[in-house]
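> Quick one, structure for this:
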Amino acid sequence: GSPVIGIDLGSMFARVALPRSGTIEVIENDHGHRSTPCCVGFTETAILVGDDAAREFMINPSNTVLYAMRYLHHKVGDAAIQDDTMLVPFKLTSFGNKICFEVQYSGNSATLMPQAILTIVITRLKEMAEARLGTRVNHAVICIPIMFTAAQRLEIHDAAANAGLTVERTICGATAAALTYHVSNA
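Numbers count the residues shown, from 1 in each chain. Purely as a prediction, here's the structure:
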């Protein structure tokens, strides 16, 4: 069957790993880094992900979305993100009372929910794993922040499904650390 990859999806960085000969290999991105920034940049001609988007942020901050996970399942006016509205250079807006990002892409205005941004990031991680393995990947275990609610977990599942992945399980960082320790010391 299709291999199962591991994705560590943080608010600032993401990593993708796969089992290899009894160990876990963290895959490097196109820039040789094992951590990929969780940001997506929009230009007139392209959608940039990771390191390329982080560089784009320097010259095009209003069209580069950072920290999309932070906004998952939040509504306009939620105290947890209220301060962000004045600090981020990209435009926060709402759709159905949910936080969205407004960017310019190919000369048009686009309104994207956080889940859509995460789908782009997860798709890139999936592509990295497929390139490394030389085969299609359809399944993943995703590590998420411990404080995520059931609704936020569901949005991660949906973003992964939109990227073509079946999520076999979501686990929190502490659980992943304990499992890694157990596997490496078995």
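> Can you read off the pLDDT for the closest residue to residue 7 other than its chain neighbours?
In space, residue 7 comes closest to residue 142 once its chain neighbours are excluded; the distance is 4.7 Å by C-beta to C-beta, 6 or more residues apart in numbering. The way it works is simple: take the backbone N, C-alpha and C, and place the C-beta from them, glycine included. Listed pLDDT for residue 142 reads 96.
> Could you report the neighbour count for residue 142?
For residue 142, the neighbour count with other C-beta atoms under 10 Å is 24.
> Residue 117 now?
Residue 117: 25 surrounding residues under other C-beta under 10 Å.
> so it, which of the three states?
Following DSSP: H, G, I helix; E, B strand; the rest coil, residue 117 is assigned to helix.
> Renumber starting at 32 from here on
With the count now opening at 32, the last piece we talked about shows up as residue 148.
> still on that earlier bit, the residue nearest to residue 38 contacts residue 198, doesn't it?
Yes: assessed by C-beta atoms under 8 Å, residue 173 is found in contact with residue 198 at 5.7 Å.
> joint contacts of the two?
Shared contacts of residue 173 and residue 198 (C-beta atoms under 8 Å, 6 or more residues apart in numbering): 187, 191.
> Partner strands of the helix or strand containing the residue nearest to residue 38 and their direction?
Element membership of residue 173 [criterion: DSSP states H and E] is strand 170-175. According to DSSP bridges, strand 170-175 forms sheet pairs with strand 35-40 (parallel), strand 197-203 (parallel).
> which residues sit against the helix or strand of the chain with the lowest mean pLDDT?
Of all helical and strand segments in the chain, the minimum by mean pLDDT, DSSP states H and E falls on helix 115-118, at a mean of 73. Here helix 115-118 makes contact (C-beta under 8 Å, 6+ apart) with 101-102, 123.
> which is the next helix or strand following it?
strand 122-126.
> where do the strands sit along this protein?
Here the chain has its strands, by DSSP state E, at 35-40, 44-51, 54-57, 67-68, 70-73, 78-80, 95-97, 122-126, 129-136, 139-143, 170-175, 197-203.
> quick revisit: going by neighbour count, list what's buried in the strand holding residue 173.
By neighbour count with 16 or more other C-beta atoms under 10 Å, strand 170-175 contains the buried residues 171-175.
> List of residues touching that strand?
By C-beta under 8 Å, 6+ apart, the residues outside strand 170-175 that reach it are 33-40, 157, 183-184, 187, 191, 196-204, 206-207.
> and the nearest residue to residue 119 once chain neighbours are set aside, how many neighbours?
Take residue 119 and drop its neighbours on the chain: the residue closest to it by C-beta to C-beta, 6+ apart is residue 97, 7.2 Å away. Using other C-beta under 10 Å, the number of residues around residue 97 comes to 22.
> how about the strands paired with strand 170-175, which one is nearest residue 135?
Nearest to residue 135, of all the strands paired with strand 170-175, is strand 35-40, at 26.2 Å by C-beta to C-beta.
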